[in-house]
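Chemist: I'd like to go over a predicted model; first the sequence, then the structure.
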Amino acid sequence: MTPRFFNTLGRRVEALAPAQAGKVGLYTCGPTVYNHAHIGNLRTFLFEDILRRSLEYLGYEVHQVMNLTDVDDKTIQGAHAAGLGLDEYTEPFIASFFEDLATLRVQPAQEYPRATHHVAEMIELTEELVARGHAYEKEGSVFFRIASDEDYGKLSGVDVDQVVQGDRVASDEYGKDDVRDFVLWKAAKPGEPTWDSPWGPGRPGWHIECSAMSMKYLGNSFDIHCGGVDNIFPHHDNEIAQSESATGEPFAKVWLHSEHLIVEGQKMSKSLGNFYTLKDLLALGKDPRAMRYLLLSVNYRQKLNFTFEAIEASGAALRRLDEHRFRLQHAVESGEAKPRVAELCEGLTSDFGAALADDLNLSAALAVLFGFIKETNIVIESGGLGAGDRERILTALARVDQVLAVLDPSQWTQASAEGPSDEEIQGWVDERDAARRRRDFARSDELRDRLAELSIVLEDTPDGTRWKRG
RNA sequence: GGCGACGUGGCCAAGUGGUAAGGCAAGGGUCUGCAAAACCCUCAUUCCCCGGUUCGAAUCCGGGCGUCGCCUCCA
């Protein structure tokens, strides 16, 4: 099935048409490693993970590149304030970033190029822009001349002539010809890390790194470019301007942007005290699996209202899914395979794919999943499963979990050897059943209470007692 | 000032011209020695307000109210 996406460039939904059939080149704007990632950043990375996994679900081979911005104003300032070298300063944040991705089970990209390792490519691209008359040098800095680019701003639709100039433009800049021009190369300032260039020592501007690295790994033209909505202008407009002016070829074909998340209805900010990193939430005892579920359950083009209540609701939704898996494991198979089960499994995998193909409609995809859960519960309840049905259902669930990555609790639990073993627990459960059979309810309730204290949940059913850790 | 998004049941959230998905919560039922857990069922004549177009609108158009984002290095 051919997926359709809302392309920011043109602002309409269009069918994906990769340059190479069956293969997708994907560039995703990565983190600036001056701090731990906050949940807003992670929403975007999770959206990109879902995109990547969805494309793979639909049969595409995806080549994903995500940059690490390890040199810019913030990293330089941070390193300076900490009295560290740039690398020394960014390294722990890079490590922290990869930890967070692993915690949320984000599938790694094939490449994570770092800006500081690609300065040569950026210089080369800048030289090309100068040679073509799209950029000019001024006191050791190089600027992109916006007036030289006919369709500048085509992504955001911003009319540059109308842009109100902020006060800070003047402060950081170095005498541009036109106040709207943006910097490609910054002349060295005292105390900043520098690289040698044809214009003297300096460091790259921010926008140029994504152009240089995306084209290096994916070619001058590639299929999809992603980022947060805040990057549309100016970052992505500038990338397009630089890249297309330098190569004369179209840059990324499809642009996908994820909306921001807000916290308890308000913009997340440190001053409001509602600013959270993933590590903050883990420290509060929040379940990373529920966070992945929450962050992926809302359409990426919709603002996501992140609340503690919503984390709880996500956890409850997961418990329902876990319960289904649990029932499945204890269900008895008898007789021939049920045609209804095969039909449901078929429906799940195809309807789920159709929802993904519709601009990553995860809400619809989850509705398909819950419909499947309910229907298979009914089959289990009325008459039970036939030979091979359990495996059939588990296989279908594993298929959709290639995208969701939240369905299998065993992938998430850190093995804790705390408490009694399964065998011990089973022994007490058996003993309680025996007491119940001889109607010694005092004894059976005593055992039930003891197990409850160990947060073992019992489920008495007509087929016997099942138990699970709560 | 410019550009853009959004407003759907108690909460979260799909649906963008054909008569309101799904999750959480809530209520009822089944099961049970009693419970618990679980499962099943029920739960918006209506989609911020007012006009208009249409056989038909939550969906399109106009106006209003409200919330929010971007406007030179914030995902």
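Modeler: Arrived safely, thanks for sending.
Chemist: chain neighbours aside, what residue packs nearest to residue A:103?
Modeler: Nearest non-adjacent residue to residue A:103, counting by CB to CB, 6 or more residues apart in numbering: residue A:288, 5.0 Å away. C-beta coordinates here come from the backbone N, C-alpha and C atoms, glycine included.
Chemist: pop out the phi and psi values for the one you found.
Modeler: phi -60, psi -30 (degrees, to the nearest 10).
Chemist: residues contacting it?
Modeler: Going by CB atoms under 8 Å, 6 or more residues apart in numbering, residue A:288 touches A:103-104, A:278, A:282, A:412.
Chemist: what of residue A:252?
Modeler: A:9, A:27, A:214, A:221-225, A:240.
Chemist: ok, now with 7 Å
Modeler: By CB atoms under 7 Å, 6 or more residues apart in numbering, the residues touching residue A:252 are A:27, A:222, A:224-225.
Chemist: list just the nearest of these to residue A:118.
Modeler: Nearest to residue A:118, judged by CB to CB, of the contacts of residue A:252 is residue A:27 at 13.4 Å.
Chemist: what's the local residue count around the closest one?
Modeler: Neighbourhood size, residue A:27 [other CB atoms under 10 Å]: 29.
Chemist: before we move on, back to that, return the subset of the contacts of residue A:252 lying in strands.
Modeler: A:27, A:222, A:224-225 (DSSP state E).
Chemist: ok, longest helix in chain A?
Modeler: The single longest helix within chain A, with elements called by DSSP state H, is helix A:308-330.
Chemist: residues in contact with stretch A:28-45?
Modeler: Counting by CB under 7 Å, 6+ apart, A:48, A:64, A:66-70, A:72, A:74-75, A:78, A:90, A:93-94, A:96-97, A:100-101, A:104, A:106, A:109, A:112, A:210, A:226-228, A:231, A:258, A:260-261, A:268, A:275-279, A:295, A:304, A:306 sit against stretch A:28-45.
Chemist: what comes up buried for that stretch?
Modeler: For stretch A:28-45, a neighbour-count test (16 or more other CB atoms under 10 Å) marks A:28-34, A:36-45 as buried.
Chemist: any idea how far that stretch is from the middle of the chain?
Modeler: Chain-centre distance of stretch A:28-45: 9 Å, with CA atoms, centre = their mean, to the nearest Å.
Chemist: about what we covered before: which one of the contacts of residue A:288 sits closest to residue A:14?
Modeler: Out of those, the member with the shortest distance to residue A:14 (by CB to CB) is residue A:104, at 29.4 Å.
Chemist: just the pLDDT for the closest one.
Modeler: Residue A:104 is assigned a predicted lDDT (pLDDT) of 96.
Chemist: quick revisit: out of the buried residues of stretch A:28-45, which touch RNA strand B?
Modeler: A:29, A:31-32, A:38, A:40-41, A:43-44 (CB under 7 Å from any atom of the strand).
Chemist: please narrow these to those residing in helices.
Modeler: Those of those lying in helices (DSSP H): A:40-41, A:43-44.
Chemist: so what pLDDT did residue A:417 get?
Modeler: Reading off the model, residue A:417 has pLDDT 59.
Chemist: the helix or strand containing residue A:355 and RNA strand B in contact?
Modeler: Per DSSP states H and E: residue A:355 is located in helix A:339-357. No - on the criterion CB under 7 Å from any atom of the strand, helix A:339-357 is out of touch with RNA strand B, staying 7.8 Å away.
Chemist: which other residues reach that helix?
Modeler: A:1-4, A:54, A:57-58, A:361, A:364-365, A:368-369, A:372, A:375-376, A:379, A:385, A:389, A:392-393, A:396, A:399-400, A:403.
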